[in-house]
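Undergrad: Predicted model and sequence below, questions to follow.
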4 protein chains.
Amino acid sequence: MDDILLVYKERPKLRSPVLIEGLPGVGNVGKLAAEHLVDQLKAVKFIEMYSKHFPPQVLMNDSGTIRLVSNEFFYIMRPEAENDIVVLVGDYQGLTPEGQYELSDRILTIAKELGVGMIFTLGGYGLGKMIDKPRVLGAATDEQLVEEMKAVGVTFSKGEPGSGIVGASGLLLGLGALQGMKAVCLMGETSGYFVDPKSAQALLEVLSRKLGFKIDLTELEDRAQQIDAITSKLKESEPAPEPRKEDLGYIG
Amino acid sequence: MDDILLVYKERPKLRSPVLIEGLPGVGNVGKLAAEHLVDQLKAVKFIEMYSKHFPPQVLMNDSGTIRLVSNEFFYIMRPEAENDIVVLVGDYQGLTPEGQYELSDRILTIAKELGVGMIFTLGGYGLGKMIDKPRVLGAATDEQLVEEMKAVGVTFSKGEPGSGIVGASGLLLGLGALQGMKAVCLMGETSGYFVDPKSAQALLEVLSRKLGFKIDLTELEDRAQQIDAITSKLKESEPAPEPRKEDLGYIG
Amino acid sequence: MDDILLVYKERPKLRSPVLIEGLPGVGNVGKLAAEHLVDQLKAVKFIEMYSKHFPPQVLMNDSGTIRLVSNEFFYIMRPEAENDIVVLVGDYQGLTPEGQYELSDRILTIAKELGVGMIFTLGGYGLGKMIDKPRVLGAATDEQLVEEMKAVGVTFSKGEPGSGIVGASGLLLGLGALQGMKAVCLMGETSGYFVDPKSAQALLEVLSRKLGFKIDLTELEDRAQQIDAITSKLKESEPAPEPRKEDLGYIG
Amino acid sequence: MDDILLVYKERPKLRSPVLIEGLPGVGNVGKLAAEHLVDQLKAVKFIEMYSKHFPPQVLMNDSGTIRLVSNEFFYIMRPEAENDIVVLVGDYQGLTPEGQYELSDRILTIAKELGVGMIFTLGGYGLGKMIDKPRVLGAATDEQLVEEMKAVGVTFSKGEPGSGIVGASGLLLGLGALQGMKAVCLMGETSGYFVDPKSAQALLEVLSRKLGFKIDLTELEDRAQQIDAITSKLKESEPAPEPRKEDLGYIG
């Protein structure tokens, strides 16, 4: 079988689309943000991507049927705005370094076929400590993009993240730059200990400013409050968990 | 050498065959059930499948000769029934995710060449605790099959197994669905601590109802009683083993 | 680069050669025996085999030069006997299951090109306890060979080794049988804790009876006595090492 | 995508170039030395090498832009000397044995295309204890080179390193020898516990003698003094770290 299998459900004509990637990673910040975007902006699934680089696993639907683990592309038509939006979400990232490279390279090929001119990758930046107001850190393929993103509230901090960016959120920039694609990585600060809706919210606020969409964040706020409640109790009852070194890096 | 090597012992003409897969997994439930089926219904081996995705290992026969680890296809002709049966058993599943995908894809190709219209995959569902009357949980490629399987006593429980189904028992459904193959996964509940003949028995009871065969379960019952005897003694003499997280998932 | 690279130093014409394999494994029994054979019978190296499946490593020669890790084929011309002998020794076995299959398959191809009609693979059978008089256990590709090997003192014991034979010593039989090659695996019993010259000696005694050669075993006997001396002291001063489960299997 | 991707920035004409490799390894000795050479001799980058065999990672530039992890070739034109110099530095070595072989083979191909007649690989030789005056140990592809390197102060010590040389610094010699390339590995002694500028200095002193260049070592000396200061304090305050077995080998 092919290493990567694409199933097209539809072949939409998109106007100057941008691609937003949100796959699992630290605090699942990127995945959470991208999935909220799909839900709230009623995005339509049009490509399923299966691969030997994912785990050999199926997931259960509520009806008792199954689906093979995958990454999925959704589109959002926005006649009122400059750019249509493509969102990439999924169950897993590639399991091996080689798989990561193969999948990111394929995502870039798909993006180019769709006419994507700009990529936003979303992730979490694990700090190893609780944080009240997560900043959104950035990384970009060129310096002009750095300035553009600063203008919408993204922080570029020399030497952060110190260990660079691992996974699809990094590779889409790294491989993208080699292929002339413009791309930005947005990293919401997060403890890295919990799924972090507050950090996802911060990412979506930046994106909504940049791309000019409105999005209801109530659901993420509610989940953030629930998690705040849990972690407050944890703080009272037991000492803070010791940050493990491997938790602190950025994977996204 | 080829990644997968097939040795055909015979090329039988089969009537509307169904495929039953039972490879090693949690509690070896699926393997136990499928091997019991092969023994009791006097199934005939007709394909040996060798692969680089299996361990580099030979096993000893009683005569001092060896055989390379493999998966094997058996057939059961049933002129009196609607469907002939093909059974897939084996020493190992693929060692890597990529190997798992390659092998399941090849099994589907073989199934289609044999004219298989329906696949049953067998496995165990590890609960991490002892269980008296194991239920048979199900997962299927479409909702009509869900209903059909409920009718023969299979339980479909929303959110179970929560982590999905890992290995050949899952992939044959996941990849099968993409290729238009109908397939059901039957999972016998099991502690996951022991080889579990009682759970295998439960699987065979469902299959015999569905496919209309009679099978002597005495041997499995005997083995189940032996294991019950052992575990009863263990319970008396020492505290229950602490379930390790990785034991509780489903692999099959 | 190719996965496997062969460098032929010479292309000898061999008369009905047999192949004897002795690569690293449990107690290094097989490697020790095969290297002793090469030394004592003044075997001539004629093929070097390099591979990506070996570690990325060079070893130091005494002169300050290096050599890439490899497997090597030697030949022994025996005009006085029925069969010439090819010996395969080496620094490593393949690191991955796939590498093991690839390398064993290539060794079989080379063997067939050389006209080899019979293969002997050598290894250790780890018992997890000290042993005074190591038996030589056997496994073979067919029952006639089992009888032939019994005749020269090889023990065939039902259910031993219980976990089969892992690595080149097993695969050359398993893959060999599929290709119509006759092959025997000889396993010298060993504790598995130490390099074991006594066990290697036992293998060579069987081989010399079977193939009709004379070989000076003094050096191996000396080394065996040295090791006996060391282990006797260890026994006095500290309790026996606890056998780890993974030490007890057979890899060779 | 290709396993290895080369981006040529320039195609310089080089006069009888030698290649100096310094990739990450024990004490980062080789990398440190090669990077110091690039800085001080104002070497010009002309090839970037990207690969699936490296981690899926981008690193941050100070400007907020990223770069994909890579190996890089620099050149130094030396009209006054016999040989131009090519220097290979990088963020990582290949992650897998297969990756190591693939990358080293490609480096050799590039070297041959550039007309390289001689390769120096740089690494650290981990001793597992602090050392005041690190020697430079050598290994070479032929005995004449051994003599030439002794003449510029390299130590060739029978049986050192006992475990051979692992990684690019070894493979470039091992694969190079098979392809008729002359190559020397220079290993600076180092504790293996710290990045070791003093050992890097020792390597550069040998190279400067051999290749006839002058290089300002002040910066390395300063860093070495800083590290000496730190380790002196550590020695006073706590017992020496227990050498872990895996620290003692040579990877470079």
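TA: Sure thing, it's come through.

Undergrad: Any idea how many residues pack against the residue of chain A found nearest chain D?
TA: Distance from chain D to each residue of chain A (CB to the nearest CB) is smallest for residue A:174, at 3.1 Å. No exception for glycine: its C-beta is placed from N, CA and C like everyone else's. Using other CB atoms under 10 Å in any protein chain shown, residue A:174 has 26 other residues around it.

Undergrad: hang on, isn't it packed against residue D:61?
TA: No. Applying CB atoms under 8 Å, one finds residue A:174 not in contact with residue D:61, separated by 11.8 Å.

Undergrad: What strand or helix carries residue A:139?
TA: Counting by DSSP states H and E, the element that carries residue A:139 is strand A:136-140.

Undergrad: which strands and helices sit next to that strand?
TA: helix A:143-150, helix A:168-178, strand A:182-190, helix A:197-211 (3 or more CB pairs under 8 Å, 6 or more residues apart in numbering or on different chains; DSSP states H and E).

Undergrad: Take those and write them to a markdown table, including distance to chain C and mean pLDDT.
TA: As requested, the helices and strands packed on strand A:136-140 are arranged in a markdown table below (distance: least, CB to the nearest CB, whole Å; pLDDT from 0 to 100):
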| stretch | distance to chain C | mean pLDDT |
| --- | --- | --- |
| helix A:143-150 | 38 | 98 |
| helix A:168-178 | 24 | 98 |
| strand A:182-190 | 33 | 97 |
| helix A:197-211 | 39 | 97 |
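
Undergrad: Include distance to residue D:114 when you put these into TSV, please.
TA: Conversion of those to TSV gives the following (distance: least, CB to CB, whole Å):
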stretch	distance to residue D:114
helix A:143-150	32
helix A:168-178	22
strand A:182-190	33
helix A:197-211	45
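
Undergrad: how about these, which one is nearest residue C:201?
TA: Between residue C:201 and the helices and strands packed on strand A:136-140, the shortest separation by CB to CB is 55.8 Å, and it involves helix A:168-178.

Undergrad: okay, the residue nearest to residue A:149 when sequence neighbours are not counted: pLDDT?
TA: Closest residue to residue A:149 in three dimensions, ignoring its sequence neighbours and counting by CB to CB, 6 or more residues apart in numbering or on different chains: residue A:138, at 4.8 Å. What the model reports as pLDDT for residue A:138 is 98.

Undergrad: Also residue A:246?
TA: The per-residue pLDDT reported for residue A:246 equals 41.

Undergrad: got a pLDDT number for the residue nearest to the residue of chain A closest to chain D when sequence neighbours are not counted?
TA: Spatially, and ignoring its direct neighbours in sequence, residue A:174 is nearest to residue D:68 (3.1 Å; CB to CB, 6+ apart). Reported pLDDT at residue D:68 in the predicted model: 98.

Undergrad: Report the beta-bridge partners for residue D:68.
TA: residue D:58 (DSSP bridges).

Undergrad: That one - how many residues pack around it?
TA: Using other CB under 10 Å, residue D:68 has 24 other residues around it.

Undergrad: same deal with the one 10 residues further on?
TA: Under the neighbour criterion other CB under 10 Å, residue D:78 is assigned a count of 17.

Undergrad: Hmm, residue D:42 and it touching each other?
TA: No. Assessed by CB under 8 Å, residue D:78 is found out of contact with residue D:42, at 11.4 Å.

Undergrad: Could you check how far the residue of chain A found nearest chain B is from residue A:99?
TA: Among the residues of chain A, residue A:68 lies nearest to chain B; the distance is 3.1 Å by CB to the nearest CB. Between residue A:68 and residue A:99 the distance is 16 Å, computed by CB to CB, to the nearest Å.

Undergrad: Residue A:189 too?
TA: Between residue A:189 and residue A:99 the distance is 28 Å, computed by CB to CB.

Undergrad: between those two, which one's more packed in?
TA: For residue A:189 against residue A:99, the residue with the higher neighbour count under other CB under 10 Å is residue A:189, and the figures read 25 against 22.

Undergrad: If we ignore the residues flanking it in sequence, what's nearest the more buried one?
TA: For residue A:189, ignoring the flanking residues on the chain, the nearest one in space by CB to CB, 6+ apart is residue A:134 at 3.9 Å.

Undergrad: How confident was the prediction at that neighbour?
TA: Predicted confidence (pLDDT) at residue A:134: the value is 96.

Undergrad: picking that back up, hmm, the residue nearest to residue A:149 is touching residue A:188, no?
TA: No. Distance between residue A:138 and residue A:188: 10.7 Å, which falls outside the contact criterion (CB under 8 Å).

Undergrad: Those two - which one has more neighbours?
TA: Taking residue A:138 and residue A:188 together and counting by other CB under 10 Å, residue A:188 has the greater number of neighbours (31 against 24).

Undergrad: show me the residues around the more buried one that make contact.
TA: By CB atoms under 8 Å, 6 or more residues apart in numbering or on different chains, the contact set of residue A:188 is A:27, A:29-30, A:33, A:122-125, A:134-136, A:196, A:199-200, A:202-203.

Undergrad: swap in residue A:177?
TA: Contact analysis of residue A:177 by CB under 8 Å, 6+ apart lists A:141, A:142, A:183, D:66, D:67, D:68.

Undergrad: correct me, but residue A:202 touches residue A:137?
TA: No. Using CB under 8 Å as the test, residue A:202 is too far from residue A:137 to be in contact (10.2 Å).

Undergrad: tilt between the longest helix seen in chain A and helix A:197-211?
TA: Here the longest helix in chain A is taken by residue count, with DSSP state H as the criterion, and it is helix A:218-237. Compare the direction of helix A:218-237 with that of helix A:197-211 by axes from the mean of the first three to the mean of the last three CA atoms, to 10 degrees and you get 150 degrees.

Undergrad: Could you check helix A:218-237 and say which residues are buried?
TA: Under the neighbour-count criterion of 16 or more other CB atoms under 10 Å in any protein chain shown, helix A:218-237 has A:220, A:223, A:224, A:227 buried.

Undergrad: May I see the residues you listed arranged in TSV, with distance to residue B:3 and pLDDT as well?
TA: Below are the buried residues of helix A:218-237 laid out as TSV (distance: CB to CB, whole Å; pLDDT from 0 to 100):
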residue	distance to residue B:3	pLDDT
A:220	45	92
A:223	45	90
A:224	48	88
A:227	46	85
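
Undergrad: With that, I have no additional questions.
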